[in-house]
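>>> build me a model from this:
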Amino acid sequence: MLVKRYWLFFCHLYAIVCYDNDVFVLYKSYATVPQVSASSHKRPRKLWWLVGFVLFALFAVLQMPAAWLLEKYAPETPYVQHVSGNLWQGSVIWQMPLAATPLTGTAEWSWQPWHLLLGKISAEVDINSAQTRLNGQVKIGTNSWQVDNMSGKIAPETLASLVDWQLPNTPIQVNNVSLSRQSGSSAAAENASTKNPSGFTQADGQLTWVGGEIGYPSGGKVFYLTMPAMRAELSAEQKNNKNLLHINLLNNQDKRLGDLYIDGDNMLDVSLTQRLLESMPEYKGQAPQDTPVVSVRQPLLNGLGTR
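I've put the predicted structure just below:
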């Protein structure tokens, strides 16, 4: 009986010791847990300060007056008369000295900052010139510019400033036109090994026109013809290592009327088919209707640079 009591006492004492040891080990382990240093608490604060500084700097840049930037980086540009607003949102009065009477208008922009992730400056723009109204996106990269989803109408007086033709008083409707043009040196464009020569690398969309009588100069004479209702389909083509903008002219029956090509040097090549020339009273030529019978090459925009 006494042995049993000693045995129970010993077991009880052993349990208490073990329990105390466990508590001690737990306490010791808790006491020896690495404490978070004060510097580690400061790291998130430093990160947030950095993010805040970057956002503040970006906001300050976007609030810079557009007129100040124009005066600093393009003080003698002949294409801008007046600028208001800032980089985020503003407007400009522009002009193109194409003829004796320059083509003038206004443009308003609203910046789209998320395109900076793609390395481009992008803005939603509204362009107005007399009765011309266009709306779309303009993106500018280091060596390229791009127009996306441009829609609206081009008034006949605007067209008269762009081309030396006599035009009817009917506008051209612009339907979701997208263009992408790569800039580069003439040497790079002439190098056959160059993968991305200058010119138009992408084009899409349509132009529609109800037609009318036009006067077309050719060989020192002006030829008059009544143009049918037509549409122009835009695409990009590569010929002779040149990226060209192709404007395919079609009538309402999808029959070919002609082709226009614009290269990276703003040269316009016009090709008109027999089908279109048959609407000219003075024309007496005979050929299959899809045969090009008139070809002209001339500068697209006189007075403007190639870039």
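>>> which intervals of the stretch 1-150 of the chain have sub-threshold pLDDT?
1-44, 58, 61-62, 98-101 (pLDDT under 70).
>>> so where do the helices sit in it?
2-31, 38-62, 66-73 (DSSP state H, counting those that start in this stretch).
>>> residue 199 versus residue 64, what's the distance?
33 Å (C-beta to C-beta, to the nearest Å). Just so you know, the C-beta spots here come from the backbone N, C-alpha and C atoms, and that holds for glycine as well.
>>> do the same with residue 160
27 Å.
>>> just want to know which of these two has more residues nearby.
residue 199 (24 against 16; other C-beta atoms under 10 Å).
>>> residues in contact with the more buried one?
181, 182, 189, 242, 243, 244, 245, 263, 264 (C-beta atoms under 8 Å, 6 or more residues apart in numbering).
>>> how about residue 137?
112, 122, 123, 124, 125, 147, 148, 149, 150.
>>> show me what it is bridged to.
Beta-bridge pairing of residue 137 under DSSP bridges involves residue 124, residue 148.
>>> among the contacts of residue 199, which one lies nearest to residue 171?
Of all the contacts of residue 199, residue 245 has the smallest distance to residue 171: 20.8 Å, by C-beta to C-beta.
>>> isn't the closest one up against residue 261?
Yes - look at residue 245 against residue 261 with C-beta atoms under 8 Å: they come within range, at 6.9 Å.
>>> more neighbours, those two?
Neighbour tally, residue 245 and residue 261, criterion other C-beta under 10 Å: the higher count belongs to residue 245, 23 against 18.
>>> the more buried one pairs with what?
Applying DSSP bridges to residue 245, the residues it is bridged with are residue 236, residue 262.
>>> roughly how far apart are it and residue 236?
For residue 245, the distance to residue 236 - C-beta to C-beta - is 6 Å.
>>> list the residues that contact both of the two?
With C-beta under 8 Å, 6+ apart as the test, residue 245 and residue 236 both reach 200, 203.
>>> tell me the phi and psi of the spatially closest residue to residue 171 that is not a sequence neighbour?
Excluding the flanking residues, the one nearest residue 171 by C-beta to C-beta, 6 or more residues apart in numbering is residue 153, at 4.4 Å. Main-chain torsions, residue 153, degrees, to the nearest 10: phi -140, psi 150.
>>> quick check: beta-bridge partners of residue 153?
Assigned bridge partners for residue 153, using DSSP bridges, are residue 133, residue 173.
>>> repeat that for residue 80.
Beta-bridge partners of residue 80, as defined by DSSP bridges: residue 94.
>>> contacting residues for it?
By C-beta under 8 Å, 6+ apart, the neighbours of residue 80 are 70, 74, 92, 93, 94, 95.
>>> just the buried ones from these, in ChimeraX syntax?
Entered in ChimeraX, the line below selects the buried ones among the contacts of residue 80, by 16 or more other C-beta atoms under 10 Å:
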select :92,94
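>>> just name the closest of the contacts of residue 80 to residue 177, please.
Nearest member of the contacts of residue 80 to residue 177, counting by C-beta to C-beta, is residue 94, at 19.2 Å.
>>> that closest one reaches residue 78, doesn't it?
No - using C-beta under 8 Å, residue 94 is not in contact with residue 78; the gap is 10.0 Å.
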